[in-house]
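>>> I'll drop the sequence and a predicted model, then ask my questions.
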Amino acid sequence: MPASKLVIVESPTKAKTIGRFLGKNFIVKSSFGHVRDLPKGKLGVDLEHDFAPTYVIPTKSKKTVTDLKKTAAKADEIYFATDEDREGEAISWHLAQVLGADPAKLKRITFHEITEEAIENAIKNPRNLDLRMVDAQQARRILDRLVGYELSPFLWKKVARGLSAGRVQSVAVRLIVEREREIQAFKPEEYWTVEAELKKANDEKFLAKLTAIDGKALEKFSLKTQSDADAIVADLKDRTAIVAKIDRRRVKRTPGAPFTTSTLQQEANRRLGYSAKQTMMLAQNLYEEGFITYMRTDSVNLAEKFLTEAAAYVKGTFGKEFAAAEPRRFKGKQKNAQEAHEAVRPTEAAQTPESLAGKLEPDRVRLYDLIWRRALASQMSEAELEQVSVDSAVKGKTAEYNLRANGMTVAFAGFYKVYPTDTKETILPELKEGERTSVASVGGIQHFTEPAARYSDATLVKALEEYGIGRPSTYAPTIATIIDRNYVERIENRRLKPTEVAFVVNDLLVEHFPEVVDFNFTAKMEDQLDEIAEGKKEMVPVLSEFWKPFKANLDKKQTEIAGKIADKPSDVVCDKCGKPMIEKMGRFGRFLACSGYPECKNTKPMPGSVEDQKTDEICPTCGAPMMVKRGRFGPFLSCSRYPECKTIKKIEKKTGVMCPECGKGELVERRSIKTRRAFYSCNRYPDCKFAVWSKPTGEKCPKCGSLLVFAKDNMVACSNKECDFKKEAPAKEIAI
């Protein structure tokens, strides 16, 4: 009878993919993630005995564990094939603990990609469990439990029930709060630029900008007011411009490194509009189905096999001149980068995105397309740009002016062929030094300085990485957590804005628990976890070094801070008992509560709040007015006759723009069910199915008549993909 071999992975998708490559002697099963964890409802860490954790099998995992035990008892060999990071190592260790199998049977295998060759090689080269990695994961889990279970109840007492604090999430919230305060404190400054349209003798025209007056280069704020600009415009009108200097340069652009977890999340957010969480969910699926390599990595290495395949594909598809002269290798910038790992890349260079179009959902194909193009482009030749700078001199009545026109063309596409950038060609007419042109038109353009933009998923991930806060596996869940717990909300353009409660909690932590939200302290803790994984430090001393001062400070603050810091007296009198009401902070913002609590439990929305106010909306069920209420997921409309009538409706975020397709409905903001990405569609759906991804301006395109929408980089663009119309958004209309 052939030997029975059990392979355990974390997900059913991964089990199905691996099962295709193994013989009949192998049984592949999924653990469905972790099979043990710290208990809910209590600390689960023995503080008196070296932080010993108490693990339990969650109810949802008990059936899976029972099934795995039965199969393991009959197996001659057991392979743990969970992910190759700390979390995967810990899942394998927990499985080893609960299965109760003979240790001699247990084998740990790892691989960067799920291909037949990689799986066969892993089976031939098993290893023992890496207990140092397990300790690092346990240390992280215990640290997070200590902070969460000790600091969260403190926030309940001093701010509001239902709040939470976390070792990494609180630092992320601090970054977002501090950026918001920068925006609030920002005072815009006005400045002007001057642009002229120059015309050749043959009527060819080109744009040029004023760059110098009397040989002195203009600074950003050289022209502060409209009168400054108007004086120059008047002096330049109908003048002759003489080409004084033409500078031609050929510039090379080198492709970027293949993706790491961080850069993948950033670029998927920037190019595709995916959140960090969505990117990782899609990437996980692509990995488990064998299309890409492991997606949690900080390495930019590429396997020799892929380098060879990529070069062959590029030469065969685009021509020899598009391939790099020799394999291009990159070196990671992260000090703790796992260089033995690989970057995120396709498992096969020749597997094009087009070949997957009918096999995968569109969102997964789009992410695969991004990964495939970035990896392939990294092995292609440099792009070459032809840059031309033309300086024209204009002699006015009061001064001599220099007008500069810049042109740029792609001389050789190189890697742009596969991975195009935002580079735009600007073609200038043929010009010669000494040639005379005329100022056909000239005008001043008003500008205002702008504050730093609110964080997006991409820029927040970049900031966390730069500070050394968190690791590849933590970025996406951190952002998802602070949104789920109402510290942060997504607004227009998918930017992250802190809620009122975020300011209160952040200020409390910064003042009284500075080490918890200190960037350097948090980064140092990440380094210590890395050192545990490398065997340079022990788990217990690291935990003890953090816990003792943290606990001492927490105990001190429990008595030092009296009452709830967010409570404020109000002028409102309770309409039930006549006592004054107190302004309190809740998870979803401020509200009024009777000071006679617990005898009187009356609460009310804040004066001026839209909550509990009747609206113009009529209940579709009974005809009564609808009222604004707030629930777990934010405001909604509820019938004013509740509980007799329990009709509820979503609150539409109106744009004031009439639907261009039906001419009857209004475009409103909605969110896609799967990705939670904002889009704008007709409120007469399903009768009218018009929708666009970007916020409409209300204007129509002058070229094709389609709807104009707000685009990135403070631009307005046509919603018709076949139309290239773009213009700068007016300052007052720019959506931050």
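Ah, there it is.
>>> Count residues in the vicinity of residue 296, would you?
For residue 296, the count of nearby residues is 26 (other CB atoms under 10 Å). Quick note: C-beta positions are derived from backbone N, CA and C, even for glycine.
>>> got it, and residue 563?
Around residue 563 there are 8 residues (other CB under 10 Å).
>>> quick check, it in a helix?
No: checked against DSSP: H, G, I helix; E, B strand; the rest coil, residue 563 lies outside a helix; its state is coil.
>>> For it, list the residues it contacts.
residue 158 (CB atoms under 8 Å, 6 or more residues apart in numbering).
>>> and it, how far is that from residue 556?
16 Å (CB to CB, to the nearest Å).
>>> cool, and residue 718?
Taking CB to CB, one finds residue 718 at 61 Å from residue 556.
>>> Check residue 7 too.
Distance from residue 7 to residue 556, by CB to CB: 52 Å.
>>> quick one, which of those two is more surrounded?
Remark: of residue 7 and residue 556, residue 7 carries more neighbours, 25 against 11, as counted by other CB under 10 Å.
>>> so which helix or strand takes in that one?
For residue 7, the element it lies in under DSSP states H and E is strand 5-9.
>>> Same question for residue 208.
Going by DSSP H and E, residue 208 is part of strand 205-213.
>>> and the nearest residue to residue 279 once chain neighbours are set aside, what pLDDT?
For residue 279, ignoring the flanking residues on the chain, the nearest one in space by CB to CB, 6 or more residues apart in numbering is residue 268 at 4.3 Å. On pLDDT, residue 268 comes in at 95.
>>> And the one 5 residues further on, by the same measure?
Reading off the confidence values, residue 273 has pLDDT 89.
>>> show me the contacts for the closest residue to it other than its chain neighbours.
Here the nearest residue to residue 273 in space, its sequence neighbours aside, is residue 677; by CB to CB, 6+ apart that works out to 5.6 Å. The contact partners of residue 677, by CB under 8 Å, 6+ apart, come to 273-275, 278, 494, 671, 693.
>>> Drop anything exposed from those residues.
By neighbour count, with 16 or more other CB atoms under 10 Å, the contacts of residue 677 hold 273-275, 278, 494 as buried.
>>> separation between the residue lying farthest from the centre of the chain and residue 116?
Largest separation from the mean C-alpha position in the chain: residue 397, at 53.7 Å (CA atoms, centre = their mean). Taking CB to CB as the measure, residue 397 falls 79 Å from residue 116.
>>> go on, residue 607?
68 Å.
>>> What is the neighbour count of the spatially closest residue to residue 44 that is not a sequence neighbour?
Spatial nearest neighbour of residue 44, chain neighbours left out: residue 38 (3.8 Å); criterion: CB to CB, 6+ apart. Neighbour count for residue 38, taken as other CB under 10 Å: 18.
>>> got the domain boundaries for this structure?
Residue ranges for the domains of the chain, per automatic domain parsing: 5-129, 139-186+456-560, 190-254+383-448, 261-377, 568-649, 657-733.
>>> residue contacts, residue 592?
570, 572, 581-584, 603-606.
>>> If we use 6 Å, what do you get?
572, 581, 604 (CB atoms under 6 Å, 6 or more residues apart in numbering).
>>> Let's have the residues you listed in CSV, adding pLDDT and neighbour count.
Formatted as CSV, the contacts of residue 592 follow (pLDDT from 0 to 100; neighbours: other CB atoms under 10 Å):
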residue, pLDDT, neighbour count
572, 92, 15
581, 94, 23
604, 83, 18
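>>> report the longest helix in this protein, please.
Secondary structure of the chain per DSSP state H: the longest helix is helix 131-158.
>>> In terms of secondary structure, what does the helix or strand following that helix contact?
For helix 131-158, the following helix or strand on the C-terminal side (DSSP H and E) is helix 169-185. Other helices and strands packing on helix 169-185, by 3 or more CB pairs under 6 Å, 6 or more residues apart in numbering; DSSP states H and E, are helix 475-484, strand 496-498, helix 500-512.
>>> Give the next helix or strand downstream of helix 169-185.
Immediately after helix 169-185, counting by DSSP H and E, sits strand 190-199.
>>> Buried residues, that next one. List them.
Within strand 190-199, judged by 16+ other CB under 10 Å, the buried ones are 191-194, 196, 198-199.
>>> Restricting to C-alpha, output that strand in CSV.
Extracted in CSV, the C-alpha atoms of strand 190-199 (Å, rounded to 0.1, in the frame of the first residue of the first chain):
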residue,chain,number,x,y,z
GLU,A,190,-1.3,84.0,-4.1
TYR,A,191,1.2,84.1,-6.9
TRP,A,192,1.0,84.6,-10.7
THR,A,193,2.7,83.3,-13.8
VAL,A,194,2.7,84.7,-17.3
GLU,A,195,2.3,82.6,-20.5
ALA,A,196,2.5,83.7,-24.1
GLU,A,197,1.5,82.1,-27.3
LEU,A,198,4.3,82.8,-29.9
LYS,A,199,3.6,82.6,-33.6
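>>> for it, what is the average pLDDT?
If you average the pLDDT values across strand 190-199, you get 96.
>>> coming back round to it: ok, so of the contacts of residue 592, who is nearest residue 111?
Among the contacts of residue 592, residue 604 lies closest to residue 111 (CB to CB), at 59.3 Å.
>>> Which strands border the host helix or strand of that closest one, and is each parallel or antiparallel?
Using DSSP H and E, residue 604 sits in strand 603-605. Here strand 603-605 is paired, per DSSP bridges, with strand 589-594 (antiparallel).
>>> average pLDDT for the strand it pairs with?
88.
>>> now it, how far from the centre of its chain.
Counting by CA atoms, centre = their mean, to the nearest Å, strand 589-594 is centred 33 Å from the centre of its parent chain.
>>> Next: stretch 25-42.
28 Å.
>>> Pull out the buried residues from that stretch.
26-32, 34-38.
>>> that older thread, check which residues of the longest helix of the chain are buried.
Buried, per 16+ other CB under 10 Å, within helix 131-158: 132-151, 153-155, 158.
>>> Show the backbone phi and psi for residue 549.
phi -70, psi -30 (degrees, to the nearest 10).
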